[in-house]
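**Q** here are the coordinates; sequence isn't available:
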């Protein structure tokens, strides 16, 4: 591991301008060093911004202006006229020039097409069972998934993807995924339908999975993600944290918890898998309402779902309640606050008024305190994860070319 | 000023360069078509969004290219040679313009500001516009490496050759440029994260 800080190397690291050994060392240092990680986030943002830099089109008149200027300079400058005379008529024979330009253009486009096809970044894929397909071709034992290509498994096939050098993704049967992007600042997969399991060892927010109902952003370690035929997704985290996002709606899901996400709505409220069944069913109703014949209907119940969720909640379920604070309104929010206070009182400086008004700073302070409760049982997983990262399974974050 | 996505371009290889050196007008047209947008883009960014100045200096660059392409001996890549020409032309022109401006008068770098008052700039949330404006506010020594990296897609080694400095200096200037961009446009963090 680099004993010194790596801030000076971060742009070169993002651009793949360091050796693979340096890349590994920098990645390991970033995981261990908070100071450099903060700088890395800043540089990464700078890189992403610079990538949006537009290229301008030269005005159509530039060629004509150039010709005019050339003619003028030819007149006034004898020396220039001598140098430029070769351009006047020597090779200016329409048939010859046209044919040459045509040939050059065809050769150029052909070479460019071949070059861009060959140089697309890719991930390596291994067949685990059956006959997975990459694009329209059945893959052998090993294959390459290039940016833009789809990997598809049928009912009896499975595959394993090496995510650049930052992790692995296992693709279950009946799954369709596409490699959207792989570069040092971002690795992105699209899961159209089916199920995948990811193990990632890299700094947070480098690996993303797009689904029809939101984006899963890896904050470290391991999770499974499945998407059904209508685009409804279910995330289950086995180690570390994952953020599930759609536009402004975000759910933070720790190890041992799950979260559903629905097209057009986004992530639901996360819950621990060991919560009571009543709790989970009530939460599902609270998030989505009731589904009758595929339609969401607002059916009154003897007990409101919120009432059930609050009654059944344990200190650990403050994970769910904390997310609900900003998703319910008025008296319901006050009820959630009361229940949370009973289960895990807020830290000093966090007031009822502030929380009910969704003061971001206070919500964050309370969350920071609650995280210890949420991670209690999964702390072993967390330290195991840190251990994995620290001992050198981190193999850099550069996608292969 | 029109902006557009980067389109595939014909490749300029040794044969095209040789044809240009031999005075082939069509080969030169191919060279011009390949590089005109990139040359113009660097000029636009170098002159604070001033299209007229960018057009003028682009013409100068291509004129210089026509008259001196025979001196290109292939010791370095053609692009390195070309971009050195571009960077030198833009720097010389900036010096000239500064010399002719009365003392205390703003340089043309402020033109983009005149056309886009602060409130209009903030109202316009288009990321590319914000990045463009932020790039123009950078010092030339931080701006040039960023342009050569992101507009011209050059490697650190190539940028170092164009600018006549070491790879380490390029890395350091890019680092500072990225940081400056991130700090200036931190409010766009969520937009670019998507």
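**A** It's in. What you see is a predicted model, and the numbers here were worked out from it, not measured in a lab.
**Q** show me the strands in chain B, by range?
**A** For chain B, the strands defined by DSSP state E occupy B:3-4.
**Q** which residues are in contact with the residue nearest to the spatial centre of it?
**A** Closest residue to the average C-alpha location of chain B: residue B:42 at 1.7 Å, with CA atoms, centre = their mean. Residue B:42 sits next to B:83, B:86-87, B:90, B:147-148, B:151-152 when contact means CB atoms under 8 Å, 6 or more residues apart in numbering or on different chains. (Glycine included, C-beta is placed from N, CA and C.)
**Q** so which of the residues you listed is the closest to chain A?
**A** residue B:151 (5.7 Å; CB to the nearest CB).
**Q** next, that closest one: phi, psi?
**A** Dihedral pair for residue B:151: phi -90, psi -40, per degrees, to the nearest 10.
**Q** for it, which non-adjacent residue is spatially closest?
**A** Leaving aside its sequence neighbours, residue B:151 sits nearest to residue B:41 (CB to CB, 6 or more residues apart in numbering or on different chains; 5.0 Å).
**Q** what does residue A:37 give?
**A** residue A:30 is the one closest to residue A:37 (CB to CB, 6+ apart), at 5.2 Å.
**Q** are we agreed that that neighbour is in a helix?
**A** Yes. Counting by DSSP: H, G, I helix; E, B strand; the rest coil, residue A:30 is located in a helix.
**Q** do I have it right that it meets residue A:36?
**A** Yes. Assessed by CB atoms under 8 Å, residue A:30 is found in contact with residue A:36 at 5.7 Å.
**Q** isn't residue A:284 up against residue A:260?
**A** Yes. Between residue A:284 and residue A:260 there is a contact under CB under 8 Å: 7.5 Å.
**Q** identify the contacts common to these two.
**A** Common contacts of residue A:284 and residue A:260, defined by CB under 8 Å, 6+ apart, comprise residue A:268.
**Q** with neighbour numbers in mind, choose between these two.
**A** Shown here are residue A:284 and residue A:260; by other CB atoms under 10 Å in any protein chain shown, residue A:260 has more neighbours (21 against 17).
**Q** and the stretch 201-350 of chain A, which of its residues are near chain B?
**A** Taking CB under 8 Å from any CB of the partner chain as the criterion, the stretch 201-350 of chain A approaches chain B at residues A:205, A:215.
**Q** all helices for chain A, in order.
**A** A:10-14, A:20-32, A:34-50, A:62-76, A:78-88, A:94-118, A:277-288, A:305-312, A:318-325, A:330-343, A:352-356, A:360-375, A:379-388 (DSSP state H).
**Q** most packed of those?
**A** helix A:10-14 (a mean of 26; mean count of other CB atoms under 10 Å in any protein chain shown).
**Q** check which helices and strands that helix is in contact with.
**A** Counting contacts by 3 or more CB pairs under 8 Å, 6 or more residues apart in numbering or on different chains; DSSP states H and E, helix A:10-14 packs against helix A:20-32, helix A:34-50, helix B:167-184.
**Q** run the angle between the shortest one and helix A:34-50 for me.
**A** Looking back up the chat, that one is helix A:20-32. 110 degrees (axes from the mean of the first three to the mean of the last three CA atoms, to 10 degrees).
**Q** hang on, the earlier thing: of the helices and strands packed on helix A:10-14, which is nearest residue A:5?
**A** Nearest to residue A:5 among the helices and strands packed on helix A:10-14 is helix A:34-50; the distance by CB to CB comes to 5.3 Å.
**Q** between the closest one and helix B:167-184, how many degrees?
**A** Helix A:34-50 and helix B:167-184 meet at an angle of 80 degrees, taking the same axes, to 10 degrees as the criterion.
**Q** I'd like the average pLDDT over helix A:34-50.
**A** Over the span of helix A:34-50, the pLDDT mean works out to 89.
**Q** neighbouring contacts of it?
**A** With CB under 8 Å, 6+ apart, helix A:34-50 has contacts from A:5-7, A:10-11, A:14-15, A:29-31, A:185-186, A:203, B:127, B:131, B:134-135, B:146, B:149-150, B:175, B:177-183, B:185-186, B:188-189, B:192-193.
**Q** is it possible to mark the buried ones in the residues you listed?
**A** A:6-7, A:10-11, A:14-15, A:29-31, A:185-186, A:203, B:127, B:131, B:134-135, B:146, B:149-150, B:175, B:177-182, B:185, B:188, B:192 (16 or more other CB atoms under 10 Å in any protein chain shown).
**Q** residues contacting residue A:319?
**A** A:254, A:257, A:270-272, A:370, A:374 are the contacts of residue A:319 under CB under 8 Å, 6+ apart.
**Q** then residue B:39?
**A** A:58, B:58, B:61-62, B:82, B:86.
**Q** now with 10 Å?
**A** For residue B:39, the contact set (CB atoms under 10 Å, 6 or more residues apart in numbering or on different chains) comprises A:58, A:62, B:32, B:54, B:57-59, B:61-62, B:65, B:82-83, B:85-86, B:89-90, B:151-152.
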